[in-house]
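**Q** curious how this folds, go ahead:
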Amino acid sequence: MPTFVLALNLKDDPRVIAEYVEHHRKVWPEVLAGIRRAGAEDIKIYLNGRHLFMLMTGPEGFDPDTAFADYQRDPVVQRWEALMQTLQEQLPGSPHGRWWTPLRKIFDLAET
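**A** Numbering: from 1, shown residues only. So this is what the prediction gives:
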């Protein structure tokens, strides 16, 4: 099962961080449905300070860049993403418009 790890920063403001966490306690149903339609099998987001780390799994051959193309065109998803982007900051060096930045695996205990 392919696993993807991505990172993103939140704005450095405790109120913004709390708001982001609260939004993710009640993600809009249309957003959840869109994620499932895209084929993601599981998504987990972890928070450390203002740093977010997402672990996403999908079926064999799953490619998030292509799988989420229809998801990104949904008007409700676009409103959700616009709202989230008011709370987020791209990682330094991220390509323009790329909010969640893929992290490169450099160690895997199971592979040793």
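
**Q** mind listing what residue 72 touches?
**A** Applying C-beta atoms under 8 Å, 6 or more residues apart in numbering, we find residue 72 in contact with 78, 81. Using the backbone N, CA and C atoms, a C-beta is placed for each residue, glycine as well.

**Q** may I have the helix or strand containing residue 80 as CSV, with CA atoms only?
**A** Using DSSP states H and E, residue 80 falls within helix 75-85. What follows is helix 75-85, C-alpha atoms only, in CSV (Å, rounded to 0.1, in the frame of the first residue of the first chain):
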residue,chain,number,x,y,z
PRO,A,75,-16.8,24.1,-5.7
VAL,A,76,-17.3,23.1,-2.0
VAL,A,77,-13.8,21.7,-1.9
GLN,A,78,-12.5,24.9,-3.4
ARG,A,79,-14.2,26.9,-0.6
TRP,A,80,-12.7,24.5,2.0
GLU,A,81,-9.2,24.8,0.5
ALA,A,82,-9.5,28.6,0.3
LEU,A,83,-10.5,28.7,4.0
MET,A,84,-7.6,26.4,5.0
GLN,A,85,-5.1,28.5,3.0
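
**Q** could you list the buried residues of that helix?
**A** Neighbour-count burial for helix 75-85, counted by 16 or more other C-beta atoms under 10 Å, picks out 77, 80, 84.

**Q** how many neighbouring residues does the residue lying closest to residue 102 once chain neighbours are set aside have?
**A** Excluding its sequence neighbours, the residue lying closest to residue 102 (C-beta to C-beta, 6 or more residues apart in numbering) is residue 6, at 5.4 Å. Neighbour count for residue 6, taken as other C-beta atoms under 10 Å: 19.

**Q** quick one: residue 6 is in a helix?
**A** No. Applying DSSP: H, G, I helix; E, B strand; the rest coil, one finds residue 6 to be strand, outside a helix.

**Q** correct me if wrong: it contacts residue 51.
**A** No. Residue 6 lies out of contact with residue 51 (C-beta atoms under 8 Å); the separation is 11.5 Å.

**Q** since that was my last question, I'll sign off now.
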